[in-house]
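Chemist: Quick one, fold the following:
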Amino acid sequence: MSENNEPIAVNDADFKATVLDAQLPAVVDFWAAWCGPCRMVAPTVEELAREYFGKAVVAKLDADVNPQTMMQYGVLGIPTLIFFKGGKEVDRLVGAYPKAAIVKKLESVLAR
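Modeler: Model (predicted):
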């Protein structure tokens, strides 16, 4: 876990250990630096990392440098937020959603 309650940067090499093997549910933001909508979602992802610290893993994966994980999960558009529980994808949001919609999905994953 990140000590300063910020999203954890994950990559193809550590995705399994950080996200799939996590004891907590996880949400991963698939993003890229050049993506405008990704920049719109970034502050929300940072807030979630602080607000759900200890309850969920909040991670970010740079789409430009991690093609293996992008292909593995069929991510075609960014931003894409994928929600995981027990090492399995349980939900996803594609596009720049408002914080309330992201929180609703995350809360539903936590309640499962």
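
Chemist: Please count neighbours and contacts with C-alpha atoms only from this point.
Modeler: OK.

Chemist: in which helix or strand would I find the residue sitting nearest the centre point of the chain?
Modeler: The centroid of the chain falls nearest to residue 28 when counting by CA atoms, centre = their mean (1.3 Å). Using DSSP states H and E, residue 28 sits in strand 26-31.

Chemist: immediately after that strand, which helix or strand?
Modeler: Reading on from strand 26-31 to the C-terminus, the next helix or strand found by DSSP H and E is helix 36-51.

Chemist: so how far is that following helix from its chain's centroid?
Modeler: In terms of CA atoms, centre = their mean, to the nearest Å, the centre of helix 36-51 is set 10 Å apart from its chain centre.

Chemist: Which other helices and strands does that helix contact?
Modeler: Where contact means 3 or more CA pairs under 8 Å, 6 or more residues apart in numbering; DSSP states H and E, helix 36-51 is packed against strand 57-62.

Chemist: Cross-check the contact I'm expecting between the residue nearest to the centre of the chain and residue 58.
Modeler: Yes. If you go by CA atoms under 8 Å, residue 28 and residue 58 touch, sitting 6.1 Å apart.

Chemist: just to revisit the earlier point, for the residue nearest to the centre of the chain, which non-adjacent residue is spatially closest?
Modeler: Closest residue to residue 28 apart from its sequence neighbours, by CA to CA, 6 or more residues apart in numbering: residue 59 at 4.7 Å.

Chemist: circling back to that earlier point, pLDDT of the strand holding residue 28, averaged?
Modeler: Average pLDDT, strand 26-31: 98.

Chemist: With just CA atoms, put it into PDB.
Modeler: Extracted C-alpha coordinates of strand 26-31, given in PDB (Å, rounded to 0.1, in the frame of the first residue of the first chain):
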ATOM      1  CA  ALA A  26      -9.200  -2.900  -6.000                       C
ATOM      2  CA  VAL A  27     -10.000  -0.300  -8.600                       C
ATOM      3  CA  VAL A  28      -7.500   0.400 -11.400                       C
ATOM      4  CA  ASP A  29      -7.500   3.600 -13.500                       C
ATOM      5  CA  PHE A  30      -6.200   2.800 -17.000                       C
ATOM      6  CA  TRP A  31      -4.900   6.200 -18.200                       C
END
